[in-house]
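In: any chance you could fold what I've pasted below:
(2 chains)
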Amino acid sequence: MIHIKSHIVSGLLLFLVSVGLSLLSAIQFMRMHREEFISPSEDLSSKKRLSSYFSGLKDTPGDTDVFVYQGQKEGGNLLVLGGTHPNEPAGFITAVLLVENIKVLRGKVIIIPRANNSGFTHSDPQEASPQYFALDTPRGPRLFRYGSRLTNPVHQWPDPALYLNPSGQKLSGTEIRNLNRCYPGKKEGNLTERIAFGIMELIRKEEIHLGIDLHEAAPEYPVINAIVFHENSAELAALSQMELQLEGYELRLEASPPNLRGLSHREWGDAAGIQAILLETTNASHGRLKGKTSPSLIVEGKDKNYAKAAKLGRLFVPYPEEGVALRIRVARHLASLRALLKSLDDIAPEKGLDIDQLPSSSQVERLGIGAFLKPPKGG
Amino acid sequence: MMTIIYHFLVAYLAVNFIVYLFREKKFWAQMSTVLVLVMFLLRLFLIK
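Out: Predicted coordinates for the structure are as follows:
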């Protein structure tokens, strides 16, 4: 009879366990590569891929959906970006709401909900972030991915110690995977720089007049609940701020610093000459003071640490005990978008846009985001 | 080239962990090896 030593048996069993654990983890991680469906409104004119503007992105994880809505009447051309940072869900969800609802009567609206598509395929290491969060629709919950601020290192690596971006700004190494530090991009650059280049090509080819990049920031970050504007958009931003104040929204104005290079609000204006705006809301789920990062924190935004920090005057925005829910943050983005469109029409009527069926901020606050989302697949 | 070298290093270390797993006589040391091996396997196949 063959005698096998016990440590060989346990070694074999544990090896099988490690293969099993790897497989289970692999299935979980690979699921994040599957894009959640976005069901555009009936008035969609065409759906493209970013690679149709820059072929260098074809068949790469950086290629992404571009939704084009062309109105019957001539007007301005607007670009809305969500998902530049996939761990800032209000930007992504606002873009999804637009795609699924709007009807453009005048002008052209182009929406990219997942600007950094690769960033949606993973979550930040050591943050214990959930992979998904659910939004309730009348016909069941719809799942959305909660990704990372950065491009997936599986798609782009290694990070250098220091990163010299295409605009010549020296940044820390990980910023090489941050889309909002890579503008105006590089044709022959790394994946993130090529995504940025693709967006710049879209801006040039579609003759965009106004670009809006939707973001969120941690409550302890000074640039928050803000309109960050290129100097060519100062009047537009100031008028919009007044519009928003009339509606009861406090929004601060932040001029894009000329020496801070590589960001959308700087390079879209400098390199493409368009009016460039970046919007920020309050997101506890990617702040440093938060408790457990959970789907509930992402959607409800309720966090006792931030409520305490606000009471101690350590934050730049109010943070109530009941939290700042995703619907409030999305409503804020929608209100800002509406104010920007109205102000643009006042300043330059030839570049104005008329958008019908744009969910109103008060309705989103009252009824929730799910009321304006298409039902889940099979729902 | 860099990718090939990186893959070679990760594969080399993963194989070493497997060899160690069978040589090691202490059960808890084998368990610790498994925990590290999972991460190396995920990295080797560029999953995470």
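
In: what residues are up against residue 33?
Out: You didn't pick a chain, so chain A it is. With contacts defined as Cβ atoms under 8 Å, 6 or more residues apart in numbering or on different chains, residue A:33 is in contact with A:61, A:121. Yep, even glycine has a C-beta here, placed from its N, CA and C like the rest.

In: that's the other chain; I wanted chain B
Out: So residue B:33 contacts A:14, B:17, B:20, B:21, B:24 (Cβ under 8 Å, 6+ apart).

In: need the nearest residue in space to it, chain neighbours excluded.
Out: Take residue B:33 and drop its neighbours on the chain: the residue closest to it by Cβ to Cβ, 6 or more residues apart in numbering or on different chains is residue B:21, 4.8 Å away.

In: can you tell me the element that neighbour falls in?
Out: In this assignment (DSSP states H and E), residue B:21 forms part of helix B:2-23.

In: immediately after that helix, which helix or strand?
Out: Later in the chain than helix B:2-23, the nearest helix or strand by DSSP H and E is helix B:27-44.

In: check the offset of that following helix from the chain's centre.
Out: 6 Å (Cα atoms, centre = their mean, to the nearest Å).

In: what of stretch A:329-349?
Out: Computed by Cα atoms, centre = their mean, the chain-centroid distance of stretch A:329-349 equals 18 Å.

In: show the average pLDDT along that stretch.
Out: The average pLDDT for stretch A:329-349 rounds to 97.

In: pop out the phi and psi values for residue A:234.
Out: Residue A:234 adopts backbone torsions of phi -60, psi -40, taken as degrees, to the nearest 10.

In: in the sheet, who's paired with the residue nearest to it when sequence neighbours are not counted?
Out: Excluding its sequence neighbours, the residue lying closest to residue A:234 (Cβ to Cβ, 6+ apart) is residue A:255, at 7.1 Å. Beta-bridge pairing of residue A:255 under DSSP bridges involves residue A:229.

In: and residue A:255, how far from residue A:227?
Out: According to Cβ to Cβ, to the nearest Å, residue A:255 and residue A:227 sit 10 Å apart.

In: those two - which one has more neighbours?
Out: Using other Cβ atoms under 10 Å in any protein chain shown as the criterion, residue A:255 and residue A:227 rank with residue A:227 on top: 26 against 14.

In: my read: the more buried one touches residue A:254, true?
Out: Yes - contact criterion Cβ atoms under 8 Å: residue A:227 and residue A:254 qualify, at 6.9 Å.

In: contact partners for the one residue sitting closest to the centre of chain B?
Out: Most central residue of chain B, judged by C-alpha distance to the mean C-alpha position with Cα atoms, centre = their mean, is residue B:14 at 2.4 Å. Residues in contact with residue B:14, defined by Cβ under 8 Å, 6+ apart, are B:37, B:40, B:41, B:44.

In: now residue A:217
Out: Taking Cβ under 8 Å, 6+ apart as the test, what residue A:217 contacts is A:88, A:223, A:224, A:280, A:281, A:282, A:283.

In: same check, this time on residue A:282
Out: By Cβ under 8 Å, 6+ apart, the contact list for residue A:282 reads A:216, A:217, A:219, A:224, A:225, A:301, A:317, A:319, A:324, A:329.

In: which residues of chain A fall in strands?
Out: Taking DSSP state E, the strands of chain A run over residues A:46-49, A:65-70, A:73-81, A:103-112, A:132-137, A:140-145, A:162-164, A:170-172, A:210-217, A:226-229, A:252-255, A:275-282, A:354-356.

In: which one of those strands lies nearest to residue B:6?
Out: Each of the strands of chain A has some distance to residue B:6 by Cβ to Cβ; the shortest is strand A:162-164, at 19.4 Å.

In: on that earlier part again, surely the residue nearest to residue B:33 meets residue B:36?
Out: No - in this structure, residue B:21 is not within contact of residue B:36 by Cβ under 8 Å, at 10.0 Å.

In: OK, contacts around residue A:336?
Out: Going by Cβ under 8 Å, 6+ apart, residue A:336 touches A:227, A:240, A:244, A:249, A:251, A:279.

In: residue A:149: which of those residues is nearest?
Out: Distance to residue A:149 across the contacts of residue A:336 (Cβ to Cβ) is lowest for residue A:279, with 16.5 Å.

In: ok, the closest one touching residue A:211?
Out: No - the pair residue A:279 and residue A:211 does not pass the contact test of Cβ under 8 Å, sitting 11.3 Å apart.

In: number of residues surrounding residue A:315?
Out: The burial count for residue A:315: 22, using other Cβ under 10 Å.

In: cool, residue A:148 as well?
Out: 26.

In: how close does it get to chain B?
Out: If you measure residue A:148 against chain B using Cβ to the nearest Cβ, to the nearest Å, the figure is 12 Å.

In: what separates stretch A:314-334 from the chain centre, distance-wise?
Out: Its chain's C-alpha centre and that of stretch A:314-334 lie 17 Å apart, by Cα atoms, centre = their mean.

In: quote the end-to-end distance of that stretch.
Out: 27 Å (Cα to Cα, to the nearest Å).

In: what residues does the stretch 101-250 of chain A put near chain B?
Out: By Cβ under 8 Å from any Cβ of the partner chain, the residues of the stretch 101-250 of chain A that approach chain B are A:122, A:154, A:158.

In: surely the second one touches residue B:48?
Out: Read that as residue A:154. Yes - counting by Cβ under 8 Å, residue A:154 does reach residue B:48; the two are 7.2 Å apart.

In: can you list residues touching both of the two?
Out: Common contacts of residue A:154 and residue B:48 (Cβ under 8 Å, 6+ apart): residue A:122.

In: of these two, who's got more company?
Out: Taking neighbours as other Cβ under 10 Å, residue A:154 and residue B:48 compare with residue B:48 leading, 21 against 18.

In: if we can go back for a sec, any chance of the residues of the stretch 101-250 of chain A next to chain B in CSV, plus pLDDT?
Out: Below are these laid out as CSV (pLDDT from 0 to 100):
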residue, pLDDT
A:122, 97
A:154, 93
A:158, 90
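
In: pick the one among these closest to chain B.
Out: The shortest approach to chain B among these belongs to residue A:154, at 5.0 Å (Cβ to the nearest Cβ).

In: got a list of what the closest residue to residue A:318 other than its chain neighbours touches?
Out: Excluding the flanking residues, the one nearest residue A:318 by Cβ to Cβ, 6+ apart is residue A:310, at 6.0 Å. By Cβ under 8 Å, 6+ apart, the residues touching residue A:310 are A:219, A:317, A:318, A:319, A:320.

In: next: residue B:2.
Out: residue A:158.

In: pLDDT score for it?
Out: Value for residue B:2, per-residue pLDDT: 82.
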